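Chemist: Curious how this folds, go ahead:
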Amino acid sequence: MQFVVAFLKKLPALPIALFVGGLVLGLLVGWVIWPTEYINTTPDSLRADLQEDYLRMAIDSYRIDPNPDLAIQRWFNLGAGAQQAFASIQANPGKLDPNTIKVYGETIKKILESGALPPTNPGSGSTLVKTITLAVGGLVLLGLLGYGGWYLYRLLGKRGSGEVTPTMQAAELSRSAEKTNFEQLGLAPPITQTMTTYVLGDDLYDESFSIDTQAGEFMGEYGVGVSEAIGVGEPKKVTALEIWLFDKNDIKTATKVLMSQHAFNDPAIRARLEPKGELILVEPQAQVLLETATLQLLATVVDLEYGHGPQPSDSYFERITLELAIWPRQG
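Modeler: Below you'll find the predicted structure:
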C-alpha cells in the first residue's frame, strides 16, 4: 500500500488535472451542451430494414400519385441501399400490389437510363448550422488552451521574471551541499545518496525517491515530507518532518519524525505525532537510522536554521537540508 501511495505522490498533478478537466468538459460539451443532432437527413442513414419500410411507403404513395419526379427523388434518398431494398420488396411484396411494384421499378429504370442526376439533398440546409457549431466549438477549444497556457505561465513564469521561489532556493541549496564520502570513512558506498532541502514557503514539500539495483531491479522507495505545522496563515510554519523508508520485502514501512526543539518539548504535539513513528529532536549534524528487512537509511542533518517570527523560538524551520543514503541491510 505504501508503494502505491508513494507512486501516486510522484505523478505530475497539473497535467493529470488538466487532462481530466478537459475530458470532462469535452464530454459535457459533446453530450449535454451541444449533442449531435440529425435534422432533415435522408433515409440513406437508416438501417436496412427501415430503408425497406421507407421504399414500401414510397411505392404505395406512387400507386396513389404516379409522379415520376417524386418517385425518383425518394429512390435517390435511399442512396446505395435503394437497389437492395427494392430487391427485398420484389421477393416479399407483403401488402403491396405486385403490379404496382413492377410499374414503379420500370419507372425508376427508365429515369435512371435517361441519365437523371440525384436531386439536391434537402438536409444540406443544415450545413450552415454544422459549420457554426464547429466554429464555436473551435473557439471554445482555443479559449481553453489559452487559459491552460496562461495558467502554466503564471505557475511557472516566475522563473522567467527573476523571482526566486522557495522551491528554487531549496534545489540550489541541495545542489551546493557537499555529500559525505562514506568510502573515506571506511564504509561501503551507498546504493543511492540524495540531498533534499525544505525552505520556508514550500508548503507542498514532499520528496520521494526510488531505490533500484544497478541492474534496474526495484527494491523500494524513501522520502521526506511535512508532518506538522504550527500557527495559522501562510506560509506554513513547519515544525516537524517525516522520513520514511519502504522496502518491497517488508510488510511495514519504517518511519521517524524529525521535530523542532519546541515541538519535541510540547506534550500536545508529541501526542499527535507519536502514532507516526519514533520522535527525534532535530540537531545540526544529527544522524537518524531507519531499518527495514533488507534496507538501511541514514539521514544526516546537514544544515538547519530556525525561523524568526511571532511563534515561540526554535519552533519552525526556516530551512533544513538532509542527506539521505541507502544501503542493503547486512544479516
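
Chemist: Just the terminal-to-terminal distance for stretch 300-313.
Modeler: 23 Å (C-alpha to C-alpha, to the nearest Å).

Chemist: And what about R319, helix, strand or coil?
Modeler: strand (DSSP: H, G, I helix; E, B strand; the rest coil).

Chemist: Show the contacting residues for it.
Modeler: Q169, A170, L173, T197, Y198, V199, L200, D303, L304, E305 (C-beta atoms under 8 Å, 6 or more residues apart in numbering). To be clear about C-beta, it is placed using only N, CA and C from the backbone, and glycine gets the same treatment.

Chemist: Narrow the residues you listed to those in strands?
Modeler: Taking DSSP state E, the ones among the contacts of R319 that sit in strands are T197, Y198, V199, D303, L304, E305.

Chemist: quick one: the residue nearest to the fourth one when sequence neighbours are not counted and Q261, what's the gap?
Modeler: Once flanking residues are discounted, D303 sits nearest to T321: 4.0 Å by C-beta to C-beta, 6 or more residues apart in numbering. T321 is 18 Å from Q261, where distance means C-beta to C-beta, to the nearest Å.

Chemist: Between the two, which is the more surrounded one?
Modeler: Neighbour totals were compared for T321 and Q261, and T321 leads with 20 against 16 (other C-beta atoms under 10 Å).

Chemist: Quick check: bridge partners of that one?
Modeler: Under DSSP bridges, the beta-bridge partners of T321 are T197, D303.

Chemist: And E291, by the same measure?
Modeler: Beta-bridge partners of E291, as defined by DSSP bridges: Q296.

Chemist: and what of I243?
Modeler: Beta-bridge partners of I243, counted by DSSP bridges, are V224, K256.

Chemist: A254 contacts T292, doesn't it?
Modeler: Yes. Contact status for A254 versus T292: in contact at 5.2 Å, counting by C-beta atoms under 8 Å.

Chemist: Find the residues that touch each one of these two.
Modeler: What both A254 and T292 touch, as defined by C-beta under 8 Å, 6+ apart, is the set L245, D247.

Chemist: quick one: contacts for the closest residue to Y54 other than its chain neighbours?
Modeler: Using C-beta to C-beta, 6+ apart and skipping the chain neighbours, the partner closest in space to Y54 is P43 (4.6 Å). Residues in contact with P43 (C-beta under 8 Å, 6+ apart) are L50, Q51, Y54, N77, L78.

Chemist: Can you give me the pLDDT of P43?
Modeler: We have a pLDDT of 79 for P43.

Chemist: ok but K109 is inside a strand, no?
Modeler: No. Counting by three-state DSSP, K109 is not found in a strand; it is helix.

Chemist: Kindly state the pLDDT recorded for it?
Modeler: If you check K109, the pLDDT there is 86.

Chemist: how many neighbours does it have?
Modeler: 10.

Chemist: so how far is F86 from it?
Modeler: 10 Å.

Chemist: try L50
Modeler: For L50, the distance to F86 - C-beta to C-beta - is 15 Å.

Chemist: More neighbours: those two, which one.
Modeler: F86 (22 against 13).

Chemist: got the contact list for the more buried one?
Modeler: L55, G105, I108.

Chemist: hang on, the second one is in a strand, isn't it?
Modeler: Same thing as G105. No. Read with three-state DSSP, G105 is helix and lies in no strand.

Chemist: where are the low-confidence patches of the stretch 201-331 of the chain?
Modeler: 331 (pLDDT under 70).

Chemist: one more time with 90, if that's ok
Modeler: 213-216, 231-234, 308-311, 329-331 (pLDDT under 90).

Chemist: for it, what spans make up the strands?
Modeler: Ranges of strands in the stretch 201-331 of the chain, per DSSP state E, counting those that start in this stretch, are 206-212, 218-230, 237-247, 254-259, 278-281, 287-291, 295-306, 317-328.
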